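*Asks:* Pasted the sequence and its predicted model underneath.
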Amino acid sequence: MRTVLLLLQKEFLQIFRNRAMLPIIFVFPIIQLVILSFAATHDVKNIALAVFDQDRSSTSRQLVSKLTASSYFTLAGMTLSNEAGFDLIQRDQADVFLTIPAHFERDVLKKQPTSLQLQVNAINGQKAGLAASYAGEVFQSFSQEKLAELQPNFISTRAFLIPHPSSLIPQVRYWYNPSLDYKTFMVPGILGELVAMLVLILSAMNVVREKEIGTIEQINVTPIRKWQFILGKLLPFLFIGLFDLALGLAVGKLIFDIPLEGDLWLIFAFCVANIFCVLGIGFFISNFADTQQQAMFMAWFFMVIFILMSGLFTPIESMPQWAQAMTVPNPIAHFVTVMRLVLLKGSGWVDIRYNFVVMIGLGVLFNALAVWTYRKTA
């Protein structure tokens, strides 16, 4: 154990003497957490709306005003023909083109069916779907308001409007994220991803750095055993990962007010298991790299796959079955899941023990491979 402690002392001295590494460990993750949490959102706002109003009535103007009153739509222009509106879409000056038919107000006042034509630029399918969904919600709300004005059997309450018994209005209650704030959903996942990414890249580059500066030969001729050398190399990054997690949780609470519903000891316990696995992957990579540049490229190759298939941006349940199977050995996928379950939902040990078992199993596997492929030669 004394040998391991001396190796730990050596590693921490090397880390804190390396001025280039200190910002990577303590500053960059926080900057990335803040920037990505604001930028990585599926909410679509400021959708450019063009309108061809054939009715030109007070009711049609009310509809346009209701659309542009929300933060989702901005009025790009009123056109005089369908061709002019579609031309705005072609020139990327409008994302959505709404055509209001003639006699729109008359049909609404007479409670007759009327149709609105909505043309959407669908190059970005996700943005197009959300734009159509937002517009549909506005249309439905506008229709209910007009029906409430015209139909005497509507009873107004403080909560909602109760229409004729033949109509049904659902009462929706959102759990675990009542305000539907996307940052509440993204911050825990981004934090887990950043901790795992930092530990993987640094651990992969650490041993390779010894090769580049020539000190690996000096270590190899000492009576230090392989497991002692590996343990001394990996433990500092375990402590660094835990420190960054604690710092990230504090920043997430202070800046984004993320909920901390579950027990934090579960988060830190899982972080230890996750870092144990990630460190094994990083050390395994370092055994096959001769330079830090090679180690970084190899680590980044795995990181891109891990991040894109982690469920951070795309739900794992929406992936094909073969892709869902590939997320099982993905440490970031488990970290993102556990962070969201514990912090937002308040899940306990029973809910995340599967992720614990998988992480420990993967950690044993990757660290065994790292020890097996490491060659201690004089």
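*Replies:* It's in. If you're wondering where the values come from, they're calculated on a predicted model, not measured in any experiment.

*Asks:* Val64 - how many residues pack around it?
*Replies:* 17 (other C-beta atoms under 10 Å). In short, each C-beta sits where N, CA and C put it, glycine included.

*Asks:* same question, Gln292
*Replies:* Other residues close to Gln292 by other C-beta under 10 Å number 18.

*Asks:* Return the per-residue confidence for it.
*Replies:* With respect to pLDDT, Gln292 scores 82.

*Asks:* And for stretch 355-375, what's in contact with it?
*Replies:* When contacts are defined by C-beta atoms under 8 Å, 6 or more residues apart in numbering, stretch 355-375 is touched by residues 226-227, 230, 269-270, 273-274, 276-277, 279-281, 283-284, 287-288, 328-329, 331, 334, 337-338.

*Asks:* could you give the mean pLDDT of that stretch?
*Replies:* pLDDT averaged over stretch 355-375 gives 89.

*Asks:* Need the CA coordinates for it. PDB is fine.
*Replies:* Listed next in PDB are the C-alpha coordinates belonging to stretch 355-375 (Å, rounded to 0.1, in the frame of the first residue of the first chain):
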ATOM      1  CA  ASN A 355     -27.100   0.000 -13.900                       C
ATOM      2  CA  PHE A 356     -24.800  -0.600 -10.900                       C
ATOM      3  CA  VAL A 357     -24.400  -4.300 -11.700                       C
ATOM      4  CA  VAL A 358     -23.700  -3.500 -15.400                       C
ATOM      5  CA  MET A 359     -21.100  -0.900 -14.500                       C
ATOM      6  CA  ILE A 360     -19.300  -3.100 -12.000                       C
ATOM      7  CA  GLY A 361     -19.200  -5.900 -14.500                       C
ATOM      8  CA  LEU A 362     -17.900  -3.700 -17.300                       C
ATOM      9  CA  GLY A 363     -15.400  -2.200 -15.000                       C
ATOM     10  CA  VAL A 364     -14.000  -5.600 -14.000                       C
ATOM     11  CA  LEU A 365     -13.900  -6.600 -17.700                       C
ATOM     12  CA  PHE A 366     -12.100  -3.400 -19.100                       C
ATOM     13  CA  ASN A 367      -9.700  -3.200 -16.200                       C
ATOM     14  CA  ALA A 368      -8.800  -6.900 -16.500                       C
ATOM     15  CA  LEU A 369      -8.100  -6.300 -20.300                       C
ATOM     16  CA  ALA A 370      -6.000  -3.200 -19.400                       C
ATOM     17  CA  VAL A 371      -3.900  -5.200 -17.000                       C
ATOM     18  CA  TRP A 372      -3.600  -8.100 -19.300                       C
ATOM     19  CA  THR A 373      -2.500  -6.000 -22.300                       C
ATOM     20  CA  TYR A 374      -0.100  -3.800 -20.400                       C
ATOM     21  CA  ARG A 375       3.500  -5.000 -20.900                       C
END
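
*Asks:* Could you pull out the buried residues of that stretch?
*Replies:* 355-356, 358-359, 362-363, 366-367, 370-371, 374 (16 or more other C-beta atoms under 10 Å).

*Asks:* Can you report how many residues lie near Trp300?
*Replies:* If we define neighbours as other C-beta under 10 Å, then Trp300 has 14 of them.

*Asks:* Before I go, just wanted to say thanks for your time.
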